[in-house]
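# Quick one, what's the 3D model for this:
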Amino acid sequence: MSIDHVSVGVTNMKRSKAFYDAALAPLDMAPIMPVEYGGQLVGVGYGKPGKPSFWIQLPINGQPASMGNGVHIAFRAATRAQVDAFYIAAIEQGGIEDGKPGLRSEYHPDYYGAFVRDPDGNKIEACAHTHE
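Residues are numbered from 1 along each chain as shown. Presented below is the predicted three-dimensional model:
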């Protein structure tokens, strides 16, 4: 079994879309499915054409978005350079550093990752499993 998609709640669609557009671009993930309701952007799906696998959205219950303590989402990168580019783009878009790019050999010898918090405090990561 595999995960079809993951969503995180956000408080400001314009700000969050700019953040994720920049942070996910180095990982070849594009905003492919905007969702509007009543003329307002309420969600955006990211991924490859035809298949969004990661979503940002205003919470459907109308309550404020909040981050989950202990939750993080990791995006697979093909190379360490993509991890570095993800990290730089995320920080430039207002992300908060939560683990600079580097080896995480406690997972395995070639695990290279970087962690950031998005503008709403959601913890995201890019990781590569190669020595390149």
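
# C-alpha only now, for contacts and for neighbours.
OK.

# those helices in this protein, which residues are they?
13-24, 80-92 (DSSP state H).

# among the ones you listed, which is the most enclosed?
Comparing these by mean neighbour count (mean count of other Cα atoms under 10 Å), helix 80-92 comes out on top with a mean of 22.

# That one - contacts with which helices or strands?
In terms of contacts (3 or more Cα pairs under 8 Å, 6 or more residues apart in numbering; DSSP states H and E), helix 80-92 is packed against helix 13-24, strand 112-117, strand 123-128.

# Using CSV, write down the CA coordinates of stretch 15-25.
This file holds the C-alpha atoms of stretch 15-25, laid out as CSV (Å, rounded to 0.1, in the frame of the first residue of the first chain):
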residue,chain,number,x,y,z
ARG,A,15,1.8,33.5,1.1
SER,A,16,1.8,29.7,1.3
LYS,A,17,1.5,29.2,-2.5
ALA,A,18,4.5,31.5,-3.1
PHE,A,19,6.4,29.5,-0.4
TYR,A,20,5.6,26.1,-1.8
ASP,A,21,5.9,27.1,-5.5
ALA,A,22,9.5,28.1,-4.7
ALA,A,23,10.4,25.3,-2.3
LEU,A,24,9.0,22.5,-4.4
ALA,A,25,10.3,23.7,-7.8
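
# Need the pLDDT of E132.
You'll see E132 listed with a pLDDT of 79.

# just Y111 next, same as before
96.

# Now render the helices of the chain as JSON lines, adding distance to G47.
Below are the helices of the chain laid out as JSON lines (distance: least, Cα to Cα, whole Å):
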{"stretch": "helix 13-24", "distance to G47": "9"}
{"stretch": "helix 80-92", "distance to G47": "15"}
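
# how about those helices in JSON lines, adding distance to A30 and mean pLDDT?
As requested, the helices of the chain are exported to JSON lines (distance: least, Cα to Cα, whole Å; pLDDT from 0 to 100):
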{"stretch": "helix 13-24", "distance to A30": "7", "mean pLDDT": "97"}
{"stretch": "helix 80-92", "distance to A30": "13", "mean pLDDT": "98"}
